[in-house]
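J.: Quick one: sequence and predicted model below, then my questions.
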Amino acid sequence: MALPRLKRRREFLRVAGQGKRAARPGLLLQALGGTEAPLRVGFTATKKLGNAVVRNRAKRRLRAAAHEMLHGGTPGRTPDGWDLVLVARDGAITRPWSTLLGDLRGALRQTGVTASGEHGAQDQASGAKAPEAAALPALAAAPDARSPAPPPSGHTSPRASVPTAAEGLGRAS
């Protein structure tokens with residue numbers, strides 16, 4: 001079952017104007033508590049993020065993350081009385097899934113929507129690791145992504161023998 005949604009502009013503006021904010025690299029969460037209705041969630045992405053394809057992909061990832069964190073297939077798990085707006089940021093597309101879930105988890109805690117230990121059992125069941133635990137071993141084992149690995153010894157790149165414009169083409173002048 002899908003989470004109830006915020007759909008009207010005035011609902012988004014009310015949450016943005018009166019609610020709490022929590023920013024993470026992958027998303028911005030705006031949360032307004034104290035409503036009598038069940039939890040409702042809205043998703044948005046600005047044109048600054050990219051074209052329609054990029055914005056829609058970011059919103060799809062946020063919808064899936066919100067569904068997993070707030071619904072998780074367990075009835076009665078969603079906190080009532082909150083209107084949430086998830087605004088996609090650059091990291092919503094590029095961040096690994098477990099890290100994006102960690103961003104949302106931290107933002108929900110910071111705004112007071114969930115208690116600090118509420119999602120631990122669900123994360124264990126779904127196999128998602130906490131971003132801190134998942135990132136540390138990977139960083140220690142992975143080489144720096146900005147510098148390519150050196151070629152195996154005795155191997156030269158096929159482009160190594162191509163002269164550059166500064167070297168000339170070997171013609172006599």
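T.: Yep, that arrived. Numbering: from 1, shown residues only.
J.: how about the strands in this protein?
T.: 20-23, 27-33, 40-44, 82-88 (DSSP state E).
J.: Give me the buried positions along the shortest one.
T.: What it means is strand 20-23. Buried residues in strand 20-23, counting neighbours by 16 or more other CB atoms under 10 Å, are found at A22. In short, each C-beta sits where N, CA and C put it, glycine included.
J.: Quick one: residues in contact with that strand.
T.: Strand 20-23 has contacts (CB atoms under 8 Å, 6 or more residues apart in numbering) with 28-33, 89, 106-108, 110-112.
J.: now the third one
T.: When contacts are taken as CB under 8 Å, 6+ apart, the neighbours of strand 40-44 outside the stretch itself are 3-7, 11-12, 15, 59, 62-63, 66, 70, 82-88.
J.: closest to K47 among the contacts of strand 20-23?
T.: Distance to K47 across the contacts of strand 20-23 (CB to CB) is lowest for R89, with 13.3 Å.
J.: State the number of residues packed around that closest one.
T.: 21 (other CB atoms under 10 Å).
J.: and A92, what does it touch?
T.: Counting by CB under 8 Å, 6+ apart, A92 has contacts 26-27, 45, 49, 58, 61-62, 100.
J.: Next one: the nearest residue to K47 once chain neighbours are set aside, what pLDDT does it get?
T.: Nearest residue to K47 in three dimensions, chain neighbours excluded: R55, at 7.3 Å (CB to CB, 6 or more residues apart in numbering). If you check R55, the pLDDT there is 96.
J.: In contact with R55, which residues?
T.: Contacts of R55 by CB under 8 Å, 6+ apart are 45-47, 49, 88.
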